[in-house]
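Q: structure for the following, please:
(2 chains)
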Amino acid sequence: MIPTQGCFYLGAYRAFSSFRDAFLLIHSVSGCSWGALAFHQMGRQDDVRQACTMIHENEVVFGGEDKLASGLEILKDHRPQRVFVLNGCPADMIKDDIQSVIDEARCPFPVHWMDTAGYMGSAREGFISAMRYMAKLAEKPEDAGAGADRAVPSVNLIGIALDDPRSEADTEAIRRMLEPKVRLNACLPMLTEESLRRFADADLNLVLRGFEQVGEDLRERLGMPYITVDYPYGAAGSAEFLREVDRALGTDHGAEIEEGLARAAKAAEKALHPLRLLYQAEAAVAGDYARASAMKRFLRDEAGFRISAYRDDLDPHEDQSIWLDRVRDSGTTVVFGSSFERCAEDEMPAKLIRFAYPVTDEIRLGYQPYAGFDGLDFLLSDILSGVLSFPYRREGQFQPREF
Amino acid sequence: MKKICIYGKGGIGKSTVTANTAAAAARAGSRVLVVGCDPKADTTRVLMHRTIGTMLDAHMKSGGTPDREDVLHQGAFGVMCMEAGGPRAGEGCAGKGISLALDDIRELEIIEETSPDLLLFDVLGDVVCGGFSTPLRAKAADIAYIVTSSDYMSIYAANNIAGCIKKFALRGGCRLGGLIFNERSALADSVPVERFAKAIGTRIIGTIPMDPEISRAELHRMTVIERAYAEGRQGAVPPSVRVFEDLARFMAENDQGCIPEPLPVEELEAIGEEIARRAFGDEEF
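A: Numbering: from 1, shown residues only, chains lettered A, B, ... in the order given. Okay, the predicted model is just below:
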């Protein structure tokens, strides 16, 4: 099992399902639909916007086009604003003529299809391909800029999926950091019909590291400039994020940065003793590249951890059991990962901080970001509370390191 | 550019028609690309004088889209040759293999880079599954030709293929350009083939004569075109050569294709009875 590798379909599903006003029609076997939904739905049980054509053996033998056509007919009754058709491996193998079926269905709403057969690549590749597909839906409005407050520059944020843990809270934290000097215009793939319409109106795209190809596409097609930014974890990460925006837009968040750093210092002072105890403790990090690389930097450069093991989805081929052995052998204190790293908590005296997709065993309601200056409070609180609650901490086995 | 695919019952002479038409067109000055879409990978043997490595073998070896130079070869008269290839007999899914090979061709931008005047897909036997219909779909090929003899089962297969072409033609895909009648049969009779062609809404665009020089050339790993025009060759040009030259001209110029209307089995059976009446004088069925 290699969780960071996943499959092309799963990554594409994550992007397309992030379009809040869209409905998904999964043309595949039920497992493709159920599995992706299970990861998506755990933290958002009020958000089920998908159906499955349920390919069975008969469709593999006789073709699945009739079932797809039926699925589209049924969807018409639900009057969705937009539909994304995703196919799993079987529909690609039997070469259903999906586009023609969609054309013939003459749906009174836009229906988009991208070949998302799982074996076409990793989840990361599927996620990026789907984001690139969605980016093509953005068009320059004829009345570009009309009505908008042009005195305030605006940005789009690219790379956070709806089912990423804390996606909405992190986006809100980033919005709060930027505003009022810079307006957060839209997010990709977390779009709505309304935000899609104004997407191309932004002055700058902020592309999370690793998703530059999406920014390139938008630059080439719509002339939208972009900068690459790191996921803003920690005070230094948040400050750097704002400085990058300022450099690109000519804005000045100097006062906000100063205030944020002061808040962070104050928070650190409150928890100085346990923070000192954790200095140079080992931390392992696993997740998607955008988050994992930024979290590693925060932990190493700002929180004072030593990174004992690291993996991301740029090179996802290491088996999960081998990765966990590495973590186990390193004497790691805190593991930053997804629910797939839960056994680190079960089998080792290590605390798991769930910051990467998928999180299926923790529900966060309300505003609890990890990103931005606001997020630092929650992140530090979770790390420290987790470590302090170790059983062996209570038995007096947890000793501070020399520093 | 004319994008053409050749279909027909297994063993009916599709590869022979494809390779010889390609050679004739190239000899006349056209840039020609031939893509063999059969796991046996035998379409281009007579153009290359050998069997060439396939796209899918290269795909397996490289673990993804292969390099262009590993899959694109130049044969007789400069005809550019590729073989999709496929799994070993009795294993895997050849149809998926064909669609994957065509994806690789797109990925490598081979058609854009080679910019052929004539692109010929030679597709395995009948349209047995979704994968083998890939060339018929929109943007892959524009016109399909079906090779058939006057054997009943060959016409039966042609009718089946016509049904598939109809489906995709109605969706804006490939249309039927006509039938190519191959006389290589114990019952070489054009009348029932003409009747069938008319009934489904098309016509015979060429008749390949029973010419032993075709088989002889194949034994020499050559097209009959190349062998006929080989330096120092004595004697008259074999009759099949002119036919392939005419076919090449026709395919290069023809833009017309129909949406065929396949026959119900009763009408096919009636054609079968006509074949028997004409060949054997049978009246009772």
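Q: just grab the bridge partners of the residue lying closest to B:Thr207 once chain neighbours are set aside for me.
A: Leaving aside its chain neighbours, B:Thr207 sits nearest to B:Phe181 (4.6 Å; criterion: C-beta to C-beta, 6 or more residues apart in numbering or on different chains). Backbone N, C-alpha and C define where each C-beta goes, glycine included. Counting by DSSP bridges, B:Phe181 is bridged to B:Thr148, B:Thr207.
Q: so B:Phe181 makes contact with B:Val191?
A: No: contact criterion C-beta atoms under 8 Å: B:Phe181 and B:Val191 do not qualify, at 10.6 Å.
Q: settle it for me: which of these two has more neighbours?
A: Higher neighbour count among B:Phe181 and B:Val191: B:Phe181, with 25 against 12, using other C-beta atoms under 10 Å in any protein chain shown.
Q: okay, that one: pLDDT?
A: Looking at B:Phe181, its pLDDT stands at 97.
Q: same check on A:Glu269?
A: A:Glu269 is given a pLDDT of 89.
Q: could you pull out the strands for the chain?
A: As the question left the chain open, I've gone with chain A. Along chain A, counting by DSSP state E, strands occupy A:22-27, A:50-52, A:82-87, A:111-114, A:154-160, A:183-189, A:204-208, A:226-229, A:282-287, A:306-312, A:334-337, A:351-354.
Q: wrong one, I was asking about chain B
A: Secondary structure of chain B, counting by DSSP E: strands at B:2-8, B:32-37, B:73-74, B:80-83, B:118-123, B:143-148, B:175-182, B:204-208.
Q: returning to what we had before: who wins for proximity to B:Gly36 among the strands of chain A?
A: B:Gly36 lies closest to strand A:82-87 among these, at 27.7 Å (C-beta to C-beta).
Q: rewinding a little: what sits against the residue nearest to B:Thr207?
A: Residues touching B:Phe181, when contacts are defined by C-beta atoms under 8 Å, 6 or more residues apart in numbering or on different chains, comprise B:Thr148, B:Ser149, B:Ser150, B:Ser190, B:Val193, B:Ile204, B:Gly206, B:Thr207, B:Ile208.
Q: quick one: neighbours of the fifth one, just the number.
A: When neighbours are defined as other C-beta under 10 Å, B:Val193 has 26 of them.
Q: surely it touches B:Val147?
A: No: using C-beta under 8 Å, B:Val193 is not in contact with B:Val147; the gap is 10.9 Å.
Q: how about the nearest residue to the residue of the stretch 101-250 of chain B found nearest chain A, chain neighbours excluded?
A: Closest residue of the stretch 101-250 of chain B to chain A, C-beta to the nearest C-beta: B:Gly130 (2.9 Å). Excluding its sequence neighbours, the residue lying closest to B:Gly130 (C-beta to C-beta, 6+ apart) is A:Lys95, at 2.9 Å.
Q: same deal with A:Val245?
A: A:Val182 (6.1 Å).
Q: and the one you found, what's its pLDDT?
A: 97.
Q: what's it sitting at in phi/psi?
A: A:Val182 adopts backbone torsions of phi -130, psi 140, taken as degrees, to the nearest 10.
Q: spit out the contact partners of it.
A: A:Val182 touches A:Val152, A:Pro153, A:Ser154, A:Val155, A:Val245, A:Leu249, A:Thr251, A:His253, counting by C-beta under 8 Å, 6+ apart.
Q: try 10 Å
A: The contact partners of A:Val182, taken as C-beta atoms under 10 Å, 6 or more residues apart in numbering or on different chains, are A:152-155, A:175, A:203-204, A:206, A:242, A:245-246, A:248-249, A:251, A:253.
Q: what is the neighbour count of the closest residue to B:Asp211 other than its chain neighbours?
A: What sits nearest to B:Asp211 in space, not counting adjacent residues and going by C-beta to C-beta, 6+ apart, is B:Ser240, at 3.9 Å. By the measure other C-beta under 10 Å, the count of residues near B:Ser240 is 24.
Q: A:Leu364 contacts A:Phe378, correct?
A: In this structure residue A:364 is Arg, not Leu. Yes: contact criterion C-beta atoms under 10 Å: A:Arg364 and A:Phe378 qualify, at 8.9 Å.
Q: what's near enough to touch whichever residue of chain A sits closest to chain B?
A: Here chain A gets closest to chain B at one residue, A:Lys95, 2.9 Å apart by C-beta to the nearest C-beta. Each residue near A:Lys95 by C-beta under 10 Å, 6+ apart is listed here: A:63-65, B:95-96, B:98-99, B:129-134, B:137.
Q: now the residue nearest to B:Gly130: phi and psi?
A: A:Lys95 adopts backbone torsions of phi 60, psi 50, taken as degrees, to the nearest 10.
Q: which residue ranges of the stretch 151-285 of chain B form helices?
A: B:152-170, B:190-200, B:212-219, B:224-228, B:239-253, B:265-280 (DSSP state H, counting those that start in this stretch).
Q: adding mean pLDDT and distance to A:Asn87, write those out as CSV.
A: Shown next, in CSV, are the helices of the stretch 151-285 of chain B (pLDDT from 0 to 100; distance: least, C-beta to C-beta, whole Å):
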stretch, mean pLDDT, distance to A:Asn87
helix B:152-170, 94, 19
helix B:190-200, 97, 33
helix B:212-219, 94, 42
helix B:224-228, 95, 43
helix B:239-253, 96, 35
helix B:265-280, 95, 33
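Q: highest mean neighbour count out of the ones you listed?
A: Compared across those, helix B:224-228 shows the largest average neighbour count, a mean of 25 (mean count of other C-beta atoms under 10 Å in any protein chain shown).
Q: that older thread, hmm, which two among the contacts of B:Phe181 are most spread apart?
A: B:Ser150 and B:Gly206, at 14.6 Å, using C-beta to C-beta across those.
Q: what pLDDT does B:Ile61 get?
A: One thing to correct before we go on: residue B:61 is Lys, not Ile. pLDDT recorded at B:Lys61 is 89.
Q: the one 5 residues further on now?
A: On the pLDDT scale, B:Pro66 is placed at 91.
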